[in-house]
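*Asks:* Quick one: sequence plus predicted model below, questions after.
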Amino acid sequence: MHFLPVALLLFAGISAKAQDLEPRAYSASPVGLSFVGVGFGRSNGGIAFDPSLPIQDAKATLYSLALGLGHTFGLLGRQALLTAALPYAWGDASGVVGNGLQSVHRSGLADVRGRFSINL
């Protein structure tokens, strides 16, 4: 009788979270299909730093452009998908550092993303 409340308490702290922003992520595509995708993003706003650092009123505007490739193939009688994306990002950041306003511009390749999925 004491097993059920203990089990509920143990599983109450477990949280499962997932997010997939790709529409139709689990739809079947024809095997052997290859595709190319291009994405663009923009983000701006304030930046939070450790309060012990002498940086205040920091803000940034960032842009990104990504090229993605994908290919579907058969695996163990199921449809599988392999995708990869290569993003390039650039932007400007500014803030008060010490007693003066400072700004910086950065650009370059961002982290490559890859994904393998199989429809069960």
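*Replies:* Happy to help now that I have it. Bear in mind that the values here come from a model prediction, so they are computed numbers and not experimental data.
*Asks:* and Gln79, what does it touch?
*Replies:* 28-29, 31, 72-73, 118-119 (C-beta atoms under 8 Å, 6 or more residues apart in numbering). The C-beta positions use only the backbone N, C-alpha and C, and glycine is treated the same way.
*Asks:* which residue ranges form the strands in this structure?
*Replies:* For the chain, applying DSSP state E gives strands covering 34-46, 55-75, 78-97, 100-109, 113-118.
*Asks:* hang on, the earlier thing: could you identify the buried members of the contacts of Gln79?
*Replies:* Listed as buried from the contacts of Gln79 are Thr72; burial here means 16 or more other C-beta atoms under 10 Å.
*Asks:* Please tell me the pLDDT value assigned to Gly108.
*Replies:* Gly108 carries a pLDDT value of 95.
*Asks:* what about it, how many residues close to it?
*Replies:* 7 (other C-beta atoms under 10 Å).
*Asks:* Any idea what it is bridged to?
*Replies:* Beta-bridge partners for Gly108, by DSSP bridges, are Ala89.
*Asks:* Spit out the contact partners of it.
*Replies:* Counted by C-beta under 8 Å, 6+ apart, Gly108 has contacts 88-90.
*Asks:* is the nearest residue to Ala85 once chain neighbours are set aside in a bridge, and if so with what?
*Replies:* Nearest non-adjacent residue to Ala85, counting by C-beta to C-beta, 6 or more residues apart in numbering: Gly68, 4.0 Å away. Gly68 has the following beta-bridge partners by DSSP bridges: Gly37, Ala85.
*Asks:* What is the neighbour count of Gly68?
*Replies:* The burial count for Gly68: 16, using other C-beta under 10 Å.
*Asks:* Could you report the separation of it from Gly91?
*Replies:* Computed with C-beta to C-beta, to the nearest Å, the distance linking Gly68 and Gly91 is 21 Å.
*Asks:* for Gly108, same thing?
*Replies:* Gly108 is 11 Å from Gly91, by C-beta to C-beta.
*Asks:* Nearest to Gly100 among the contacts of Gly108?
*Replies:* Nearest to Gly100, judged by C-beta to C-beta, of these is Trp90 at 24.0 Å.
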